[in-house]
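[1] model this:
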Amino acid sequence: MNCTAKYLLILVQLVYAGLSTASFASDPDHCKDQNMDCVECDSLYDSRCRDPFDVSLVKRGLVPSVRCGGVCSKWVHRYADGSSRVRRTCSKNLRLKKVSPYLVCIDESRRNGQLCFCDKRNCNAAVALKAAGFSSAVGSVMLLLLWRILSVRLELL
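    Residues are numbered from 1 along each chain as shown. Next up is the predicted model:
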């Protein structure tokens, strides 16, 4: 499956899952299989995992970094009382049924959390994972579809 088809599949999955917003990363190597190190912690069990995260904890071996056959992920869940839970892990450790781990940030539809994926060594240690705007990805897909429709119609003339 080529990258364009993967983008369309991801878009359909996001709409189906009822997720409100997403951002696609612009890394040109996003379709390659990954094998990297990811920070592994959960603020429910280790308060050092919370934001702002101290990256030196990983460098000193106080918070583990594990080998990952997928991409790194950071899941922030905000509770009604104002507290939050941060889970940093490999995408292979998540039980995702309706969303493929891909270089996106996804806001939960109830606005109580965000799940981000990234593909650099220990990138899930970042406080905020950055990605390109979702609207530009949707715009690109819409332009591609419009171009295909127009191409077919012009061939018929």
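
[2] Spell out the residue ranges of the helices in the protein.
    Using DSSP state H, the helices found in the chain span residues 3-17, 56-59, 134-156.

[3] Please give me every residue in contact with the closest residue to residue 101 other than its chain neighbours.
    Nearest residue to residue 101, sequence neighbours excluded (C-beta to C-beta, 6 or more residues apart in numbering): residue 91, at 3.5 Å. Placement of C-beta: from N, CA and C, glycine included. Neighbouring residues of residue 91 by C-beta atoms under 8 Å, 6 or more residues apart in numbering: 68, 70-73, 101, 117.

[4] Return the member of those residues nearest to residue 85.
    The shortest approach to residue 85 among the contacts of residue 91 belongs to residue 73, at 13.6 Å (C-beta to C-beta).

[5] so the closest one touches residue 119, yeah?
    No - counting by C-beta atoms under 8 Å, residue 73 does not reach residue 119; the two are 10.5 Å apart.

[6] mind showing which ranges of this protein have poor pLDDT?
    Low-confidence segments of the chain, defined by pLDDT under 70, are located at 1-34, 129-157.

[7] and with 80 instead?
    Residue ranges of the chain with pLDDT under 80: 1-34, 97-102, 128-157.

[8] what about the strands in it?
    With strands called from DSSP state E, the chain shows them at 21-24, 36-39, 41-42, 65-68, 72-78, 84-90, 104-107, 113-118.

[9] Pipe those strands into CSV and attach distance to residue 127 and mean neighbour count per row.
    Converted to CSV, the strands of the chain look like this (distance: least, C-beta to C-beta, whole Å; neighbours: other C-beta atoms under 10 Å):
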stretch, distance to residue 127, mean neighbour count
strand 21-24, 16, 21
strand 36-39, 12, 23
strand 41-42, 14, 19
strand 65-68, 17, 18
strand 72-78, 9, 22
strand 84-90, 10, 20
strand 104-107, 13, 21
strand 113-118, 11, 23
